[in-house]
Structure formats: C-alpha cells, structure tokens
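Visitor: Any chance you could fold what I've pasted below:
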Amino acid sequence: MWTVVYMAQNKEIAEKLKSILEEEGILVKINPISQKEKNDNYFEVSVPEGEVEEAHSIIIEKGF
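Guide: As a prediction, this is how the structure comes out:
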C-alpha cells in the first residue's frame, strides 16, 4: 500500500523531492491533485507503507 508523505505546492517541488528520495533508494509516486478553488495544482508524494518513517526522516533532514 502507498502512503502520502508530502503535499507539494507544484510539480517542480514534487519532482525535486522524488529525486532526493529515489537517491536514498525509496520508491516514489507523484499524483497531481486538482484544487477547484485555485488553478494551481498540488501533488501528492507517496511511498510504500514500509518506507514512510525513512522518507519522513529524509524530508525533515532536507528541509522540506
């Protein structure tokens, strides 16, 4: 099962985080989320359930 670990405000941030997590050996999926109130897209960054703690540690370490 995949778990959302981060909500990115744009695709650039989502892709940057994906790259960082993949460099650490974590599988990552990005899914766009449309906001009806705004034209901006948000993106869910998801990892496998077993890698959530490691992903959170990396996200905090890298300052996201």
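Visitor: Run through who's touching the longest helix anywhere in the chain.
Guide: For the chain, the helix with the greatest residue count under DSSP state H is helix 11-23. The contact list for helix 11-23, computed with C-beta atoms under 8 Å, 6 or more residues apart in numbering, reads 6, 8, 28, 30, 32, 41, 43, 45, 47, 55, 58-59, 62, 64. Every C-beta, even on glycine, is put in place using the N, C-alpha and C of the backbone.
Visitor: Tell me how far that helix lies from the chain's centre.
Guide: Centroid separation between helix 11-23 and its chain, computed with C-alpha atoms, centre = their mean, to the nearest Å, is 7 Å.
Visitor: do the same with stretch 6-23
Guide: Between the mean C-alpha point of stretch 6-23 and the mean C-alpha point of its chain there is a distance of 5 Å (C-alpha atoms, centre = their mean).
Visitor: centroid residue for the protein?
Guide: residue 45 (2.4 Å; C-alpha atoms, centre = their mean).
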